[in-house]
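> compute the structure for the input listed below.
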Amino acid sequence: MLTLEDTSWLLAEQREESQPGDVFALGACVAIAFHHASTLCTKDNTDIDAVQDHDRVSSSLLVKVDNLRTGELPIADARFYLIYKMLLLLTRIYLRLPFEDSNPSARSEVVDLLAEFCHTASEVDMPSLKIFNPVMSNFWVATCYLIRKELQCEENHGRSLSARSKLVEGLDYLLHSLMALSPEVPLKSYREKLEAIMPML
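Just a heads-up that it's a prediction; the model follows:
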């Protein structure tokens with residue numbers, strides 16, 4: 001199984017100027033980073049040093065993903081950019097969730113990352129990205145849960161008005177997008193998932 005060290009090596013091996021196939025190598029790094037974050041932060045005792053190392057790798061990957069937006073992009077690269085960036089934002093969110101209760105800075109960063117996720121999602125051109133709709137929708141469903149969790153924390157611990165506004169605005173956008181996606185995704189499982197989460201949100 002590929003490890004975080006493999007991700008760092010792949011990242012180091014990537015060329016400064018994009019070459020054919022580089023976007024797929026970058027995608028492999030993003031997938032590994034997301035997988036490790038989701039497993040690293042489900043442990044009972046999260047290793048702070050490991051989280052910080054992983055966050056540095058994720059930050060480097062975000063820089064490379066953002067570089068995909070320079071110049072006029074073919075639509076395929078635009079698709080990859082959107083998916084990769086949203087995965088990396090979720091990666092960085094997951095890395096901070098274990099520390100929210102004890103670290104106000106981590107809590108604030110989660111809110112900002114959720115807002116950035118929603119902003120990135122707003123750049124999606126639905127007609128041109130139909131093939132990726134099931135993938136996009138799964139990201140958005142997961143993020144809706146996270147935003148709802150943050151709003152519940154706000155009720156218990158208090159948050160600034162600006163933080164709450166960011167969360168409410170982001171949740172509203174994602175819910176409308178999920179409903180708009182529904183006719184485009186011919187999957188019974190997606191419709192069932194959407195119907196299940198709506199009352200909860």
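> what about Ser177, how many neighbours?
19 (other C-beta atoms under 10 Å). Using the backbone N, CA and C atoms, a C-beta is placed for each residue, glycine as well.
> in what element of secondary structure is it found?
helix 161-181 (DSSP states H and E).
> who are the packing partners of the helix or strand Ile83 falls within?
Applying DSSP H and E as the criterion places Ile83 in helix 75-96. Judged by 3 or more C-beta pairs under 8 Å, 6 or more residues apart in numbering; DSSP states H and E, helix 75-96 is in contact with helix 22-40, helix 48-66, helix 104-121, helix 133-157.
> so for the longest one, what's the average pLDDT?
If you average the pLDDT over helix 133-157, you get 70.
> mind checking the SS state of Ser102?
State at Ser102, reduced to three classes by DSSP: H, G, I helix; E, B strand; the rest coil: coil.
> so who does it touch?
Residues in contact with Ser102 (C-beta atoms under 8 Å, 6 or more residues apart in numbering): none are found.
> show the backbone phi and psi for it.
Main-chain dihedrals, Ser102, degrees, to the nearest 10: phi -100, psi -10.
> return the distance of it relative to Cys41.
14 Å (C-beta to C-beta, to the nearest Å).
> over to Glu116?
To Cys41, Glu116 is 19 Å away according to C-beta to C-beta.
> need the helices and strands packed on helix 75-96 in CSV with mean neighbour count and distance to Lys166, can you?
CSV is the format used below for those (neighbours: other C-beta atoms under 10 Å; distance: least, C-beta to C-beta, whole Å):
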stretch, mean neighbour count, distance to Lys166
helix 22-40, 18, 22
helix 48-66, 16, 19
helix 104-121, 18, 4
helix 133-157, 17, 9
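> next, format those as CSV and append distance to Arg79.
Formatted as CSV, these follow (distance: least, C-beta to C-beta, whole Å):
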stretch, distance to Arg79
helix 22-40, 10
helix 48-66, 12
helix 104-121, 13
helix 133-157, 10
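> show me the chain divided up by domain.
Split into domains by automatic domain parsing, the chain comes to 1-99, 104-201.
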